[in-house]
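Enquirer: From the sequence below, what's the structure:
(one chain, ligands or ions: 2)
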Amino acid sequence: MSSSILRSIARQSRSSALARSARFASTAAKQQTLKERLAELIPAEIENVKAVRAEHGKKSFGPVLVDQLYGGMRGLPALIWDGSVLDPDEGIRFRGKTIPEIQDLLPKAPGGSEPLPEGLFWLLVTGEVPTQAQVEALSKDWAARAAIPEFVEELLDRCPPTLHPMSQFSLAVTALNHDSTFAKAYQQGVSKKEYWGPAFEDCMDLIAKLPNIAGRIYRNVYGQGKVPAIDPTKDYSWNMANLLGFAEKNDFVELLRLYITIHSDHEGGNVSAHAGKLVGSALSDPFLAFAASLNGLAGPLHGLANQEVLLWLRKMQSKIGENATDEAVKEYVWSTLKNGQVVPGYGHAVLRKTDPRYSAQREFALKHLPNDPLFKLVAQVFNIVPGILLEAGKAKNPWPNVDAHSGVLLTHYGLDQMNFYTVLFGVSRAFGVAAQLIWDRALGARMSSPWSRSYLTLIYHVRSSRATQVVLY
Ligand SMILES: CC(=O)SCCNC(=O)CCNC(=O)[C@H](O)C(C)(C)COP(=O)(O)OP(=O)(O)OC[C@H]1O[C@@H](n2cnc3c(N)ncnc32)[C@H](O)[C@@H]1OP(=O)(O)O
Ligand SMILES: O=C([O-])CC(=O)C(=O)O
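Expert: Numbers count the residues shown, from 1 in each chain. Ligands and ions are numbered 1, 2, ... in the order given. Have a look, this model is predicted:
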């Protein structure tokens, strides 16, 4: 599809979202809960999907190339993901809105200037911008659901501190399945039409409980003392910061609000989103589905890259010293490539420009920590790496992704245990995966089961007259 058609569709969906927002604003006085609003939206969406399948169900949405079968399915349209869409040149739009737009539109904490992730979740689920009161109600709801079962606490307390925080995180999220409303409802014979209700409850519980899990892992692994109680009068990010021991640093709390918002969702094809959707499609409950997301996020080519970036920068500093010249940095980057390693934080499966999440974090750094030496190194690397990756000639995208910038911000405020960084990414990613899991259950998404072929059957097919040569735009 041409980019002008895509832009026109994006404009249409933005204006219908605005119309919906306006309609919604008039009913906001009634102070609907997220679940009540969702219950109103679902029937029409079911009809939309039915209609599009009836009218267009047998139309092709694009060719499948042999290169895509061997090449990680890049560019293969194969999934429906409603929360966000990724444009290679522009970056992510959450329900049609860019990062600067959501920074402007979503409700803030009193005195704060970054969007509250509660608002982003409402937007991902409904396509609508919530009111301040709705966001505050969501903060309270999540605080009320935040406690984790004692046996999960014990499970985490028994993990050796040498077990990677992501493995502990995945273990604990899997164990939350013990109290899954969805799994119980399924066992009790809930009708297909009602799946979304218990899935919604699990997704809300999942998001609400993640800070207590993440905080406990952090304190156990890095010997930071007892986990404090959740404060029901505060927002999600403040509580997350408090569980980590950083709530007195207001700028850190603001950073978390921005961090959780921008890391939440990145359309459906990335490994964590795709894994969660896939496992959820077998009607595994949202805890089991999201544990799969976390296991994917823990890979160094995906979420773990934010840990790898900091390790790489620290290694560079120990090798060439602080305040190194551009020449020394260039040499270090080339040595990384010559050793057959990737430059972490650079390149992307879809993006072909600097990630707007990188830019948002850079703006935050310019505002709050312009003189931080590590920030200066990150900026210096940004001026050097793309040219080298272009010269090396392999990477399709030489520009930085989100992971190139997150660690330096966390480090600035004293959260310098880089093995923990992907846990924070995981807390954020739950927002996007949960929103889609709810809609998948509401729309009766079928179990995922794409067709696989062997090398021999592929060869037979491409040599037969049925296969055609296609040119991908
Ligand atoms: C939240 C996120 O997940 S964002 C991504 C985080 N990951 C990283 O930052 C790790 C570094 N980056 C990479 O490894 C890659 O760019 C990925 C995994 C993100 C994308 O992978 P692909 O879509 O396969 O990238 P692409 O098509 O550009 O790869 C072509 C070649 O360039 C190489 N390449 C891509 N990016 C880089 C890089 N940053 N450094 C060195 N080589 C790279 C690939 O390894 C591949 O080499 P190969 O032909 O020898 O296998
Ligand atoms: O989109 C991707 O492939 C990876 C990514 O940036 C994310 O999941 O946030």
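
Enquirer: State the mean pLDDT of the strand or helix carrying residue 360.
Expert: Using DSSP states H and E, residue 360 sits in helix 356-368. Averaging pLDDT along helix 356-368 yields 98.

Enquirer: Could you tell me how many residues sit around the nearest residue to residue 445 once chain neighbours are set aside?
Expert: Distances taken as CB to CB, 6 or more residues apart in numbering place residue 281 nearest to residue 445, at 6.0 Å, with adjacent residues excluded. The way it works is simple: take the backbone N, C-alpha and C, and place the C-beta from them, glycine included. Other residues near residue 281 come to 17 when the count uses other CB atoms under 10 Å.

Enquirer: do you know how far residue 337 is from residue 381?
Expert: Distance of residue 337 to residue 381, computed by CB to CB, to the nearest Å: 14 Å.

Enquirer: What lies in contact with the helix holding residue 360?
Expert: Helix 356-368 has contacts (CB atoms under 8 Å, 6 or more residues apart in numbering) with 90-92, 98-100, 103, 251, 255, 258-259, 262-263, 372, 375, 378-379, 400-402, 404-406, 408-409, 412.

Enquirer: Buried residues of it, list them for me.
Expert: 356, 357, 358, 359, 360, 361, 362, 364, 365, 368 (16 or more other CB atoms under 10 Å).

Enquirer: roughly how far apart are the third one and residue 312?
Expert: What that stands for is residue 358. Following CB to CB, the distance that separates residue 358 from residue 312 is 16 Å.

Enquirer: Then residue 349?
Expert: Counting by CB to CB, the gap from residue 349 to residue 312 is 20 Å.

Enquirer: Over to residue 337?
Expert: Here residue 337 is placed at a distance of 12 Å from residue 312 (CB to CB).

Enquirer: Which neighbours do these two have in common?
Expert: residue 343.

Enquirer: Between these two, tell me which one has more neighbours.
Expert: A count of neighbours by other CB under 10 Å puts residue 312 above the other of residue 337 and residue 312, at 22 against 16.

Enquirer: Indicate whether the one helix or strand that one maps to makes contact with ligand 2.
Expert: Taking DSSP H and E as the criterion, residue 312 maps to helix 305-320. No - residues of helix 305-320 are not located near ligand 2 by CB under 6 Å from any ligand atom, the shortest gap being 8.9 Å.

Enquirer: Now the longest helix along the chain: average pLDDT?
Expert: If you go by DSSP state H, the chain has its longest helix at helix 196-222. Helix 196-222 shows a mean pLDDT of 98 in the predicted model.

Enquirer: and the residue in the stretch 151-300 of the chain positioned nearest to ligand 1, what does it touch?
Expert: In the stretch 151-300 of the chain, the residue that lies nearest ligand 1 is residue 270 (6.1 Å; CB to the nearest ligand atom). Contact analysis of residue 270 by CB under 8 Å, 6+ apart lists 302, 349.

Enquirer: for residue 73, same thing?
Expert: By CB under 8 Å, 6+ apart, the contact set of residue 73 is residue 269.

Enquirer: So it: helix, strand or coil?
Expert: Put simply, residue 73 is coil when judged by DSSP: H, G, I helix; E, B strand; the rest coil.

Enquirer: One more: the one 3 residues further on?
Expert: Reducing the assignment to helix, strand or coil with three-state DSSP, the entry for residue 76 is coil.

Enquirer: Make sure it is actually in contact with residue 70.
Expert: No - applying CB atoms under 8 Å as the test, residue 76 and residue 70 come out as separate, 11.6 Å apart.

Enquirer: who does the one helix or strand residue 384 maps to touch, helix- and strand-wise?
Expert: Assigned by DSSP H and E, residue 384 falls within helix 373-392. Packing partners of helix 373-392 (3 or more CB pairs under 8 Å, 6 or more residues apart in numbering; DSSP states H and E): helix 305-320, helix 326-338, helix 356-368, helix 403-412.

Enquirer: Could you point out the helix or strand that follows the helix or strand of the chain with the lowest mean pLDDT?
Expert: The least trusted helix or strand in the chain, going by mean pLDDT, DSSP states H and E, turns out to be helix 3-27, with a mean of 45. With elements assigned by DSSP H and E, the helix or strand that comes after helix 3-27 is helix 34-56.

Enquirer: buried residues in the helix or strand just after that next one?
Expert: Using DSSP H and E, the helix or strand that follows helix 34-56 towards the C-terminus is helix 66-70. For helix 66-70, the neighbour count (16+ other CB under 10 Å) marks residue 68 as buried.

Enquirer: can you list contacts of helix 66-70?
Expert: 74, 75, 76, 453, 458, 462.

Enquirer: three-state assignment of the fifth one?
Expert: Here residue 458 takes the helix state, with states given by three-state DSSP.

Enquirer: now residue 85
Expert: Per three-state DSSP, residue 85 ends up strand.

Enquirer: Confirm for me that residue 103 is in contact with residue 114.
Expert: Yes - the pair residue 103 / residue 114 is scored as a contact, 7.0 Å apart, by CB under 8 Å.

Enquirer: who has more neighbours, those two?
Expert: Taking other CB under 10 Å, residue 103 and residue 114 do not tie; residue 114 has more neighbours (23 against 18).

Enquirer: quick one: that one and ligand 2, what's the gap?
Expert: 19 Å (CB to the nearest ligand atom, to the nearest Å).

Enquirer: separation between that residue and ligand 1?
Expert: 20 Å.
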